[in-house]
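**Student:** The following block contains a protein sequence and its predicted model.
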Amino acid sequence: MLVSIGVLTTLILFYVGFSYYSTSLEERFYHPDHVWLKPSGVFGHGLGIIGTLMILIGVFSYIARKRYKFLARMGRLKYWLEFHIFLCSVGPVLVLFHTAFKFGGIVSIAFWSMVAVVASGVIGRFIYIQIPRSIEGRELSLNEIQALKGDMETTMKNTYGLSEAGFNAIMEATRISPRTSGGNLLGGMVNKYFEDRKTLQRVKNILRGNNLSGADLKKVSDLVKNEIALNNRIDRLQTMQRLFKYWHVAHLPFALIMLIIMVIHVGVTLAFGYRWIF
């Protein structure tokens, strides 16, 4: 839902101002929408103010939620994170249109810092979802993940009556195997994805050989799929935790630079007498 709102907002802004934004900088002064869409115009200035407020609210509300325990009663951390991502994704889009795609001076430093923050945020989100978490959004330990695995062996033996050979074949197929990275983490994850697909197909073939019904075949396949997913999470838990710590080293400095220059920009704007509708 939040992603759809962000995409829709971007499309609307492009639709409204495409004629102006696609005009060369030298000719924009003569464009009929110049007074309205320029950075100091009512619409353009408003986008900058709203976008800046969204970024500030997104950053500081999430920091407060993590730091102050009394805010835990106001929603799970994962929902605050989604709200943080939404505001800090749509806010920069509004700021981008506020600049009318014209960058220069100290504003360009703030803009590219903002781009770096958003880009690192996308990477951080990818790393974040790879780390197993509780329903509240708390990071799970290795022991907690292993406890989630449950007793798949007992369930398959007692409930579905698999043959000894079929059962042993499934256990062998779902055993944790080292990630073949080919020198990089992403390559290893891609290879592991295709390996898991092949494993699941082998398991389905084994199950068909045990004359399971269609419904039982799906249930056992889901059990195996869950087992493979948990095995993969255990396999990459420490790697992702380490990457997440390194990620903060890149994300936080860019965010700090962006916020400092943003404050300077706003201060200079007010000092030169630029006002919005007030």
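**Tutor:** Great, that's in hand.

**Student:** Please count neighbours and contacts with C-alpha atoms only from this point.
**Tutor:** OK.

**Student:** buried sites along stretch 217-234?
**Tutor:** 217, 220-221, 223-225, 227-228, 230-234 (16 or more other CA atoms under 10 Å).

**Student:** Quick one: distance of it to the chain centre.
**Tutor:** Averaging C-alpha positions (CA atoms, centre = their mean, to the nearest Å) puts stretch 217-234 24 Å from its chain's average.

**Student:** export that stretch as PDB, just CAs?
**Tutor:** Extracted C-alpha coordinates of stretch 217-234, given in PDB (Å, rounded to 0.1, in the frame of the first residue of the first chain):
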ATOM      1  CA  LEU A 217       2.000 -33.900  -1.200                       C
ATOM      2  CA  LYS A 218       1.400 -30.100  -0.900                       C
ATOM      3  CA  LYS A 219       1.500 -30.200   3.000                       C
ATOM      4  CA  VAL A 220       4.800 -32.200   3.000                       C
ATOM      5  CA  SER A 221       6.300 -29.900   0.300                       C
ATOM      6  CA  ASP A 222       5.400 -26.900   2.500                       C
ATOM      7  CA  LEU A 223       7.100 -28.500   5.500                       C
ATOM      8  CA  VAL A 224      10.200 -29.100   3.400                       C
ATOM      9  CA  LYS A 225      10.100 -25.600   1.900                       C
ATOM     10  CA  ASN A 226       9.900 -24.200   5.500                       C
ATOM     11  CA  GLU A 227      12.800 -26.400   6.600                       C
ATOM     12  CA  ILE A 228      15.000 -25.200   3.600                       C
ATOM     13  CA  ALA A 229      14.100 -21.600   4.300                       C
ATOM     14  CA  LEU A 230      15.100 -21.900   8.000                       C
ATOM     15  CA  ASN A 231      18.300 -23.800   7.100                       C
ATOM     16  CA  ASN A 232      19.200 -20.900   4.800                       C
ATOM     17  CA  ARG A 233      18.500 -18.300   7.500                       C
ATOM     18  CA  ILE A 234      20.700 -20.200   9.900                       C
END
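
**Student:** In helices only, show me the buried residues of stretch 217-234.
**Tutor:** 217, 220-221, 223-225, 227-228, 230-234 (DSSP state H).

**Student:** Determine which two of these are furthest apart.
**Tutor:** Spanning the widest gap among those are L217 and I234, at 25.7 Å by CA to CA.

**Student:** possible to save the ones in helices among the buried residues of stretch 217-234 as CSV with distance to A100 and pLDDT?
**Tutor:** Shown next, in CSV, are these (distance: CA to CA, whole Å; pLDDT from 0 to 100):
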residue, distance to A100, pLDDT
L217, 57, 74
V220, 56, 75
S221, 53, 76
L223, 53, 76
V224, 52, 75
K225, 49, 76
E227, 51, 74
I228, 49, 75
L230, 47, 72
N231, 49, 73
N232, 45, 73
R233, 44, 71
I234, 47, 71
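
**Student:** out of the residues you listed, who's nearest S24?
**Tutor:** Nearest to S24, judged by CA to CA, of these is R233 at 50.8 Å.
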